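Novice: just to be clear, the model below is a prediction. Sequence and coordinates:
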Amino acid sequence: MELTLLGTGGMLPLPQRHLTSLYAEHEGRAVLIDCGEGTQVAAARFGCKLSRIRAILFTHRHTDHVAGLPGLLLSLGNTGRTEPLPVYCGEDCVQTIRHLTAVTGGLPYPVTVHPLPDHRETHLPLPEIDPGFSADTLPLDHSVPCLGYRLTLTKRPVFDPERARALGVPLPDWKRLHSGESVRLPDGRCITQDMVTAAARAPLCIVYTTDTRPVPEIALFARGADLFVCEGMYGTADKHESMEAKGHMLMQDACTLAARAGAARLWLTHYSPAEKTPEQYTDALQTLFSGTVISRDGQSLHL
Ligand SMILES: [Zn+2]
Ligand SMILES: [Zn+2]
């Protein structure tokens, strides 16, 4: 899976900082989380192909997370798209998405809006990306209803030639077993895929939580994540009270959550426009959680 953080800003885009959005691509099919003003510009800048987007997820209805949708939908229409585009968002966000879709004035493909419960966790299979791909939601604690997402990709089992050889499976049948089919041997035995694969591998997990106060549920939600993308508006403790009042958190809060979650790495994002040089906090934040990355626009990772 290829992951690209298209922007790292919160509230408003800056000349050198796009708004927070994550593009996750698996075998040529991508999901986008959030689409603020200019997200399609950031996608082009970092080589993320809009035509590969199979679904869009929204965290909440604030402008810095949704306002880029109409332009992106029009651009998708210009790529010749005809297949439906599913959009998933909390119930509170649905009307905003419908309005933003309406201003495009008609598209050559349908946009289907799927409301998700705002106040309870939901499991959402996303076969548009892969049969083993899904998203789980977590209601966050912001000034309006907001959802965190945990993306999970179940890894296909690895074919084990030694086991196939030991069972006497002829070479021409290996490909069929590899693709999931069963094979019947001349002696009548039926060989299934699980008989010729190595032990199951842990799924890939990517967690995305912005905007929210640092509620303890987030640490559980992000447990063991391969990548935890989390907001961190400021890096100084004097902003603690105002962040609490506005429904946000500090970079330090995100690091503490990542440590509690046992995440492999943390990408900080959604910096305040007033926070001009977040990288100045790197050393201090890495003492809280060694896997902390002060993300920049275009931060990418292959998992
Ligand atoms: Zn925001
Ligand atoms: Zn917000």
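Specialist: Thanks, I have it. Residues are numbered from 1 along each chain as shown. Ligands and ions are numbered 1, 2, ... in the order given.

Novice: tell me which parts of the protein are close to ligand 2?
Specialist: With C-beta under 5 Å from the ion as the criterion, the chain meets ligand 2 at residues 62, 211. Just so you know, the C-beta spots here come from the backbone N, C-alpha and C atoms, and that holds for glycine as well.

Novice: try it again at 6 Å.
Specialist: Contact residues, the chain versus ligand 2 (C-beta under 6 Å from the ion): 60, 62, 142, 211.

Novice: thought residue 258 was touching residue 232, still the case?
Specialist: No. Counting by C-beta atoms under 8 Å, residue 232 stays clear of residue 258, with 10.2 Å between them.

Novice: tell me which of these two has more neighbours.
Specialist: Using other C-beta atoms under 10 Å, the more surrounded residue of residue 232 and residue 258 is residue 232, with 32 against 28.

Novice: which pLDDT value goes with that one?
Specialist: If you check residue 232, the pLDDT there is 98.

Novice: how about the contacts made by it?
Specialist: Contacts for residue 232 (C-beta atoms under 8 Å, 6 or more residues apart in numbering) come out as 249, 250, 251, 252, 253, 254, 255, 268, 269, 270, 271, 278.

Novice: what packs against the helix or strand of the chain with the lowest mean pLDDT?
Specialist: Scoring the helices and strands of the chain by mean pLDDT, DSSP states H and E places helix 174-178 at the bottom, with a mean of 85. With contacts taken as 3 or more C-beta pairs under 8 Å, 6 or more residues apart in numbering; DSSP states H and E, helix 174-178 sits against helix 161-166.

Novice: for the stretch 51-200 of the chain, what lies in contact range of ligand 1?
Specialist: 62, 64, 65.

Novice: ok, and the most crowded of those?
Specialist: Result: residue 65 is most packed of those (other C-beta under 10 Å), 28 neighbours.

Novice: that residue: helix or strand, and which one exactly?
Specialist: Using DSSP states H and E, residue 65 maps to helix 63-66.

Novice: what average pLDDT does that helix get?
Specialist: Helix 63-66 comes out with an average pLDDT of 98.

Novice: contacting residues around it?
Specialist: For helix 63-66, contacts defined as C-beta under 8 Å, 6+ apart pick out 9-13, 19-21, 34-37, 58-59, 93, 96-97, 100, 211.

Novice: who touches the closest residue to ligand 1 within the stretch 101-250 of the chain in this structure?
Specialist: Nearest residue of the stretch 101-250 of the chain to ligand 1, counting by C-beta to the ion: residue 211, 4.4 Å away. Shown in contact with residue 211 (C-beta under 8 Å, 6+ apart): 10, 59, 60, 62, 65, 140, 142, 146, 231, 247, 248, 270.

Novice: one step back: using TSV, lay out the residues of the chain next to ligand 2 together with secondary structure.
Specialist: Output for the residues of the chain next to ligand 2, formatted as TSV (DSSP: H, G, I helix; E, B strand; the rest coil):
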residue	secondary structure
60	coil
62	coil
142	coil
211	coil
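
Novice: which two of these have the greatest separation?
Specialist: Greatest spatial distance in the residues of the chain next to ligand 2: 62 and 142, 8.2 Å, computed using C-beta to C-beta.

Novice: residues near residue 245, how many?
Specialist: Counted with other C-beta under 10 Å, residue 245 comes out at 10.

Novice: just residue 269 next, same as before
Specialist: Neighbourhood size, residue 269 [other C-beta under 10 Å]: 32.

Novice: for it, give the beta-bridge partners.
Specialist: Per DSSP bridges, the residues bridged to residue 269 are residue 231.
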